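*Asks:* any chance you can model this:
(chains A and B)
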Amino acid sequence: MKENLNILIKNTLDYCIKEGLLKETTPPNYVVEVPASREHGHLATNLAMMLASSQKRAPRDIAKIIVDNFRDPERFLEKIEIAGPGFINFTISSVEWLKGLKNIIDLDKGYGAAAKRDESVLVEYVSANPTGPLHLGHGRGAALGDTICRILEFRGYEVSREFYINDAGVQIRLLGESVYARWKQIKEPDYPFPEKGYHGDYVIDLAKEIEKEADLSTMDKEAAIITCSEIGKAKMLTELKKDLEQFRVSFDTWFNESDLFKNGLVDKALNEMKEKGKLYEKDGALWISTSGYGDDKDRVIKKQDGQYTYFASDIAYHMDKYRRGFKRALNIWGADHHGYINRVQSALKTNGVSGKWLSVLLIQLVKLWKEGEEIRMSKRAGQYVTMKDLLEEVNVDAARFVFLTKSSDSPLDFDIDMVTKNDNENPVYYVQYAHARICSIFRKAEAEGVDVLPDTDINLLKMLTLEEEIDLIRTLDGFPELLDSICDSFEPHRIVYFLTDLAARFHRYFNLGIKDAENRIITSDVNLSKARLALVAGVRIVLRNGLDLMGVSAPEKM
RNA sequence: GCGCCCGUAGCUCAGCUGGAUAGAGCGCCGGGCUUCGAACCCGUAGGCCGCAGGUUCGAAUCCUGCCGGGCGCGCCA
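*Replies:* Residues are numbered from 1 along each chain as shown, chains lettered A, B, ... in the order given. Take a look at the predicted model:
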């Protein structure tokens, strides 16, 4: 609707200028938006106020010119009013809203989707080290990344989901040493455990499993540790994939850091930078001069001991991403990585890649609450709640919904008790209940012999005359725009608030029928019933499509 | 010390590129089911939007400076 109105506004503006009613000017940055109050119509624009300075006239005078000359040949609008300091308020003809509803029902699962566009996005998320189980922070990143990908795809972007496996550095080695030590301890309980090793019980489980698969006792220590590293990593990855799959999160590409070295991509990246004169040696180490590109200081890329730093492989990785031809890249990182953003972007700029090509979405920490107390997580002590633990207690729908409820800028308190409850304290049920309720209405209608999928012709829909009914359609109409705003802002929490608001409007509408039988959806008037069923069918479509984009189920009964 | 994020109702948080009277959930108090699902709805109370300036027709939103909280600033990974 907004788009349609925008066209009319633009035509009117052009007309007024052509007729000399307004001075020629570059179009101001005005907005068309849904006003907060219903008294202000369906849509409103601040155009006249934005024009005031260039026209050197009072906003209300300009508004009057626009309103008096409004170009609306198809009678799209029912009413135009000037209000307040110079807002122009539009009331759209109710037939237009009914057409909008019909469109939603016709498109069904495709409502909210956009045509394929020539824009590819690489989204990297989770990227947990395969040295331990997924924790709640990873869960938040997984829910967020997955939902962003689903929405981008729905809006026509070509999306590739990627998980980067840090498998080339010392932490995999440390995993091997930890597993090896646990294996030794089966026979020699006093065998020393590496100081910085991984203390979690899962390491003991790994040691037991590896013993079944490989005869470590016939190997020398080094070979045994390498075996432990390799098998340990493979097993941890299997676990990660399993947990993620259960969480309805999948990836197109599992990218091994070690492949960057194997395929010579790190050397290649370094050589290119060397040729461009971006590298230099100092104090026996190799440095990259990122400081000219927005970084605070230059960074070491190869240490005195000849080992590459992580930065080296990260540069190679991001250059590889770029060369694979993606138009944009998005990384989803924990907030503790924020110091790294500037560094990576600077490195990209050093290589001639625009800093805007890579966006980074930071997510704040997750705190876990149980029985009114915070459960502090400590990796060193091997004490933390894993995704696996969580999913044993909490269903996937509830977990994903809660992870998505808050802005990623805000730390998340995850209250296990609330999310475990099967009552109205659990926020996911509010939206799901609305969906199930509509399904129930349809079952009832079917039982009463009402044609449940009428061919939604506009004349039938004209039975919808209640204010609440048009309001519902208006909300449904905002769905595609909501999705677009999420694609631009990477703020998927907005969909939660949108769906909660839609569910609230539906519940309120439904409850009108408790007070007054005339307002029930299935009434004694068959045509009215059909029209109202079409309306709630539209609500059901948006609830279902929206929940689907969140990776949350839309149950027919609950 | 420098950088990023946050500060909105008793609690947890929304508030979309600046818009009209700042909202929701939970909690408190009070109401609503003989017929479509009460996992629902309606109503009351509750706010110097951290503080102080600035930008303009207009600021919770943008700018500056403070205050308070979180995180990050390695030849760690």
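
*Asks:* which residue would be the closest one in the stretch 401-550 of chain A to RNA strand B?
*Replies:* In the stretch 401-550 of chain A, the residue that lies nearest RNA strand B is A:G513 (1.9 Å; Cβ to the nearest atom of the strand). Placement of C-beta: from N, CA and C, glycine included.

*Asks:* same deal with the stretch 251-400 of chain A?
*Replies:* When distances are taken as Cβ to the nearest atom of the strand, the stretch 251-400 of chain A approaches RNA strand B most closely through A:G339, which lies 2.3 Å from it.

*Asks:* what number of residues lie near that residue?
*Replies:* The criterion is other Cβ atoms under 10 Å. On that basis, A:G339 has 8 neighbouring residues.

*Asks:* kindly report the residues of the stretch 301-450 of chain A close to RNA strand B.
*Replies:* Contact residues (Cβ under 7 Å from any atom of the strand) of the stretch 301-450 of chain A with RNA strand B: A:303-305, A:307, A:309-311, A:335-340, A:362, A:364-365, A:405-407, A:409-413, A:422-427, A:429-430, A:433, A:436-437, A:439-441, A:443-444.

*Asks:* just the ones of the residues you listed in helices?
*Replies:* Judged by DSSP state H, helices contain the following of these: A:310-311, A:338-340, A:405, A:427, A:429-430, A:433, A:436-437, A:439-441, A:443-444.

*Asks:* excluding sequence neighbours, find me the nearest residue to A:E257.
*Replies:* Excluding the flanking residues, the one nearest A:E257 by Cβ to Cβ, 6 or more residues apart in numbering is A:A168, at 4.3 Å.

*Asks:* and the gap between the one you found and RNA strand B?
*Replies:* 8 Å (Cβ to the nearest atom of the strand, to the nearest Å).

*Asks:* was I right to think that residue contacts A:S313?
*Replies:* Yes. Here A:A168 lies in contact with A:S313, judged by Cβ atoms under 8 Å, at a distance of 6.4 Å.

*Asks:* what is in contact with those two at once?
*Replies:* Here A:A168 and A:S313 share the contacting residues A:257, A:260-261, scored by Cβ atoms under 8 Å, 6 or more residues apart in numbering.

*Asks:* so where's the stretch 51-200 of chain A uncertain?
*Replies:* Low-confidence segments of the stretch 51-200 of chain A, defined by pLDDT under 70, are absent; every residue clears the threshold.

*Asks:* would you mind listing what in it touches RNA strand B?
*Replies:* Proximity of the stretch 51-200 of chain A to RNA strand B, by Cβ under 7 Å from any atom of the strand, involves residues A:52-53, A:59, A:83-87, A:89, A:129, A:166, A:169-171.

*Asks:* ok, back up a step: I figured the residue of the stretch 401-550 of chain A closest to RNA strand B hits A:R532, correct?
*Replies:* No. The pair A:G513 / A:R532 is not scored as a contact, 9.5 Å apart, by Cβ under 8 Å.

*Asks:* who has more neighbours, those two?
*Replies:* The residue with the greater number of neighbours, taking A:G513 and A:R532 and applying other Cβ under 10 Å, is A:R532; the counts read 25 against 16.

*Asks:* and the furthest pair within the residues of the stretch 51-200 of chain A next to RNA strand B?
*Replies:* A:A83 and A:V170 (65.9 Å; Cβ to Cβ).

*Asks:* the more surrounded of the two?
*Replies:* With other Cβ under 10 Å as the criterion, A:A83 and A:V170 differ in neighbour count, and A:A83 comes out ahead with 16 against 10.

*Asks:* now the more buried one, nearest residue through space, not along the chain?
*Replies:* Counting by Cβ to Cβ, 6+ apart, the nearest residue to A:A83 once its immediate chain neighbours are dropped is A:N89, at 5.3 Å.

*Asks:* if we can go back for a sec, so which of A:A168 and A:S313 has more stuff around it?
*Replies:* A:S313 (22 against 19).

*Asks:* ok, so what distance separates that one from A:E245?
*Replies:* Distance from A:S313 to A:E245, counting by Cβ to Cβ, to the nearest Å: 27 Å.

*Asks:* okay, now the unreliable bits of chain A?
*Replies:* Residues of chain A meeting the criterion pLDDT under 70: A:377-384, A:452-454.

*Asks:* center of it - which residue?
*Replies:* When chain A is reduced to its mean C-alpha position, the nearest residue by Cα atoms, centre = their mean turns out to be A:I148, at 2.9 Å.

*Asks:* OK, contacts around A:S94?
*Replies:* Residues in contact with A:S94, defined by Cβ under 8 Å, 6+ apart, are A:78, A:462, A:465, A:470.

*Asks:* keep only those of the residues you listed that are in strands.
*Replies:* A:E78 (DSSP state E).

*Asks:* now which of the contacts of A:S94 would you call buried?
*Replies:* A:I470 (16 or more other Cβ atoms under 10 Å).

*Asks:* the residue of the stretch 401-550 of chain A closest to RNA strand B - nearest residue in space that isn't next to it in sequence?
*Replies:* In this structure, A:G513 finds its nearest non-sequential neighbour in A:R520, 3.5 Å apart by Cβ to Cβ, 6+ apart.

*Asks:* mind checking how far that neighbour is from A:R150?
*Replies:* Using Cβ to Cβ, A:R520 is found at 35 Å from A:R150.

*Asks:* neighbours of A:N331, how many?
*Replies:* Here the number of neighbours of A:N331 (other Cβ under 10 Å) works out to 23.

*Asks:* ok, now which ones touch it?
*Replies:* Contact criterion Cβ under 8 Å, 6+ apart gives A:124-125, A:358-361 as the residues in contact with A:N331.

*Asks:* pull the most distant pair out of those.
*Replies:* Of all pairs drawn from those, the one with the largest separation by Cβ to Cβ is A:Y125 and A:L358; the distance is 13.6 Å.

*Asks:* check whether A:T420 really touches A:E392, as I assumed.
*Replies:* No. Because the distance of 10.6 Å does not satisfy Cβ under 8 Å, A:T420 is recorded as not touching A:E392.

*Asks:* more neighbours: which of these two?
*Replies:* Neighbours were counted for A:T420 and for A:E392 using other Cβ under 10 Å; A:T420 has more, 14 against 8.

*Asks:* next, the contact list for the more buried one, please.
*Replies:* Listed by Cβ under 8 Å, 6+ apart, the contact partners of A:T420 are A:393-394, A:398, A:426.

*Asks:* helix, strand, or coil at the closest residue to A:V385 other than its chain neighbours?
*Replies:* If you skip the residues right next to it in sequence, A:V385 has A:L368 as its closest partner in space, 5.5 Å away by Cβ to Cβ, 6+ apart. Reduced to three states with DSSP: H, G, I helix; E, B strand; the rest coil, the structure at A:L368 is strand.

*Asks:* before we move on, back to that, Throw the residues of the stretch 51-200 of chain A next to RNA strand B into TSV and include secondary structure, thanks.
*Replies:* Shown next, in TSV, are those (three-state DSSP):
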residue	secondary structure
A:A52	helix
A:S53	helix
A:P59	helix
A:A83	strand
A:G84	coil
A:P85	coil
A:G86	coil
A:F87	strand
A:N89	strand
A:N129	coil
A:N166	coil
A:G169	coil
A:V170	helix
A:Q171	helix
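
*Asks:* are any of those residues buried, and which?
*Replies:* Here, 16+ other Cβ under 10 Å leaves A:52, A:59, A:83, A:86-87, A:89, A:129, A:166, A:169, A:171 buried among those.

*Asks:* what residue in the stretch 51-200 of chain A comes nearest to RNA strand B?
*Replies:* With Cβ to the nearest atom of the strand as the measure, the residue in the stretch 51-200 of chain A that lies nearest RNA strand B is A:G169; the distance is 2.9 Å.

*Asks:* so that residue makes contact with A:F311?
*Replies:* No. With contact defined as Cβ under 8 Å, A:G169 and A:F311 do not form a contacting pair (11.6 Å).
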